[in-house]
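**Student:** sequence and predicted structure are below.
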Amino acid sequence: MSGKPVDIKDELRDTFAGLREAVTPKNGGRVLVAGPCSAESREQVMSAAVGVKEAGADVFRAGIWKPRTRPGCFEGCGAAGLEWLKEARCLTGMPVATEVATPLHVEQALESGVDVMWIGARTTVNPFAVQEIAEALKGCGDVAVMVKNPANPDLELWIGAMQRLYNAGVRRISAVHRGFSEYGRSYYRNPPQWHIPIELHRLMPRLQMLCDPSHIGGKRELVGPVARQACALGFNGLIIESHCCPEKALSDAAQQLTPSELKELMISLVGKPVSDTSADLMMLRSRIDMLDDELLEILVKRMAVSDEIGELKHASNMPVLQPERYEALMESRVDKGTAMGLDREFISGMLAAIHAESVRRQLAMRNR
Ligand code: PEP
Ligand code: MN
C-alpha cells in the first residue's frame, strides 16, 4: 500500500441505504442501530430483535465475538450466534450488525450474510489488525462497516482505520463515537471528548457519524442525556444497547435499556426534525464554545505573567506604567493583527482593555 494519504471525503456512500429493506430512518431522520451488547441465546436474540424493531430500530446489533478488557468475562457465543442473527433478520426484516476483529470473523460474517460489520474500539487502535480486516474485505465493496473510535483519543488513528478500509475498496463507511478510555474514575465510562468527533466532522463533512451513548455513559441513566447531546450536535444516528432483561445481561448489564425504555427515549428525542442547517449551526456553535474556552485560558495565563512582572517592578521600585513599552506593544500588535485580517479598531480596543486590566492588577498588588 502506498503511504500517500487518500482523500476519502467525496466517494463515501450512505452506509445504510439499500441494505435489505431499505433503511428509512424513522427517528427524526437519524439511523437507530439497537440490540444487546452480546448475543447470549437464540431466545434472547429473537426477543431483543422484536423489541428494538418495535422501539423504532433500523438495524439490529448484537456482538458475538466480544473483546473484553480483562479475561474471564463473557467472551461471546462465537460463530454459533451467526445463525441467530440470520433468524432475527428473517423474523424482523432488519439488517443485522456485529463486531469483527479478525479476518476469520469477517469471512464467517460475510458467509452468513451479516449486513453491517463494526470494528470495535480495541481493534481500531491497532493498524495491523485493521489492515488485516481491510484485506479480508477486499472485493466486497458493498459491505457496510462502522468504525468505532480508538479507545485512546487519537483522531489520526481513527481516520487511518477508515483509510485502510477505503484503500481496500470499502465505500460504505461510517464512524461511531463511543468515547475514550480514561484510567481512573470518571463520571462517564468513556468520556466523550466531543471536540474529537467534531474535528472529524470538520475534516470529513460527508462521513456519516453515529454516536454510541451506551458505551460513553456506561450506566442506564446517562444514555438519554448523552444521546440528546449527540442529536443536538447533529450526529446522523445512534447505536444503543438494549436487552429485554438488562439486569441479567452477560455483558454491560448496567448500561442496557429495555426495548420499552428505548422506545420512550426515541420518542423524546424525535421532537421537531432537525434541518441540515441547524445541525451545521450546532456544530459551528460548539466549535465557538471551545475556542472561547481557549481564549479565556490564554487570558488567565497572560494575567499570571503580568502579575509576575508586577512583582518584579515592585521589588525594584519601578513605576507600574512604562509609556514607551505600552506604545511599542500597541503599535506592533495592532499592525500584526491588522495584517492577519482583524479590524484595526477592534484589535486596539481589545489590547487596550487587556493592558488596562494588567495595570489594575499591578496597582492592586502595591496596595496589599
Ligand atoms: C460493543 O459495541 O459492544 C463494544 C464492545 O463496543 P466498544 O468497542 O465501543 O467498546
Ligand atoms: Mn457493550
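**Tutor:** Looks like it arrived, so ask away. Ligands and ions are numbered 1, 2, ... in the order given.

**Student:** so who does the closest residue to ligand 1 within the chain touch?
**Tutor:** Going by C-beta to the nearest ligand atom, ligand 1 is nearest to residue 120 of the chain, at 3.0 Å. Where C-beta positions appear, they are placed from N, C-alpha and C, glycine not excepted. Applying C-beta atoms under 8 Å, 6 or more residues apart in numbering to residue 120 gives the contacts 67, 99, 101, 148.

**Student:** now swap in residue 161 and tell me
**Tutor:** So residue 161 contacts 119, 124, 127, 130, 147, 150 (C-beta under 8 Å, 6+ apart).

**Student:** hmm, 7 Å instead?
**Tutor:** Contacts for residue 161 (C-beta atoms under 7 Å, 6 or more residues apart in numbering) come out as 119, 124, 130, 147.

**Student:** for the chain, what lies in contact range of ligand 1?
**Tutor:** 37, 63, 67, 120, 121, 122, 148, 178, 215 (C-beta under 6 Å from any ligand atom).

**Student:** buried subset of the contacts of residue 120?
**Tutor:** With neighbours counted by 16 or more other C-beta atoms under 10 Å, those contain buried members at 99, 101, 148.

**Student:** send me stretch 336-356 as PDB with only the CA atoms.
**Tutor:** Once non-C-alpha atoms are left out, stretch 336-356 reads as follows in PDB (Å, rounded to 0.1, in the frame of the first residue of the first chain):
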ATOM      1  CA  LYS A 336       0.200  42.300  13.300                       C
ATOM      2  CA  GLY A 337      -3.500  41.800  14.000                       C
ATOM      3  CA  THR A 338      -4.500  44.000  11.000                       C
ATOM      4  CA  ALA A 339      -2.200  42.100   8.700                       C
ATOM      5  CA  MET A 340      -3.900  38.900  10.000                       C
ATOM      6  CA  GLY A 341      -7.300  40.200   8.900                       C
ATOM      7  CA  LEU A 342      -8.600  41.700  12.100                       C
ATOM      8  CA  ASP A 343     -10.200  45.100  12.300                       C
ATOM      9  CA  ARG A 344      -7.700  47.900  13.500                       C
ATOM     10  CA  GLU A 345     -10.300  49.500  15.800                       C
ATOM     11  CA  PHE A 346     -11.300  46.100  17.300                       C
ATOM     12  CA  ILE A 347      -7.800  44.900  17.900                       C
ATOM     13  CA  SER A 348      -6.600  48.200  19.500                       C
ATOM     14  CA  GLY A 349      -9.700  48.300  21.700                       C
ATOM     15  CA  MET A 350      -9.200  44.700  22.900                       C
ATOM     16  CA  LEU A 351      -5.500  45.300  23.600                       C
ATOM     17  CA  ALA A 352      -6.200  48.500  25.500                       C
ATOM     18  CA  ALA A 353      -8.700  46.600  27.700                       C
ATOM     19  CA  ILE A 354      -6.200  43.800  28.400                       C
ATOM     20  CA  HIS A 355      -3.500  46.300  29.200                       C
ATOM     21  CA  ALA A 356      -5.800  48.300  31.500                       C
END
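
**Student:** mind listing what's buried in that stretch?
**Tutor:** Buried residues in stretch 336-356, counted by 16+ other C-beta under 10 Å: 337, 347, 348, 351, 355.

**Student:** of those residues, which is the nearest to residue 106?
**Tutor:** Checking the buried residues of stretch 336-356 against residue 106 with C-beta to C-beta, the nearest one is residue 337 at 54.1 Å.

**Student:** which strand or helix spans that closest one?
**Tutor:** According to DSSP states H and E, residue 337 maps onto helix 323-339.

**Student:** quick check: mean pLDDT across that helix?
**Tutor:** Confidence over helix 323-339 (mean pLDDT, whole number) is 91.

**Student:** distance between the helix or strand hosting residue 48 and the chain's centre?
**Tutor:** Here residue 48 is covered by helix 42-54, with elements defined by DSSP H and E. For helix 42-54, the gap between its own C-alpha mean and the chain's C-alpha mean amounts to 27 Å (C-alpha atoms, centre = their mean, to the nearest Å).

**Student:** do the very next helix or strand once past it and ligand 2 meet?
**Tutor:** Past helix 42-54, heading to the C-terminal end, the next element that is a helix or strand (DSSP H and E) is strand 59-61. No: using C-beta under 5 Å from the ion, strand 59-61 stays clear of ligand 2, coming no nearer than 9.4 Å.

**Student:** now do whichever helix or strand comes after strand 59-61 against helix 42-54, angle only.
**Tutor:** The helix or strand immediately downstream of strand 59-61 is helix 80-92, counting by DSSP H and E. With axes from the mean of the first three to the mean of the last three C-alpha atoms, to 10 degrees applied, the angle from helix 80-92 to helix 42-54 works out at 40 degrees.

**Student:** hmm, who's touching helix 80-92?
**Tutor:** Taking contacts as C-beta under 7 Å, 6+ apart, the residues outside helix 80-92 that touch it are 39, 42, 45-46, 49-50, 53, 60, 62, 64, 95-96, 98, 108, 112-114.

**Student:** how about stretch 324-339?
**Tutor:** Contact with stretch 324-339 is made by 344, 347, 348, 351, 355, as judged by C-beta under 7 Å, 6+ apart.
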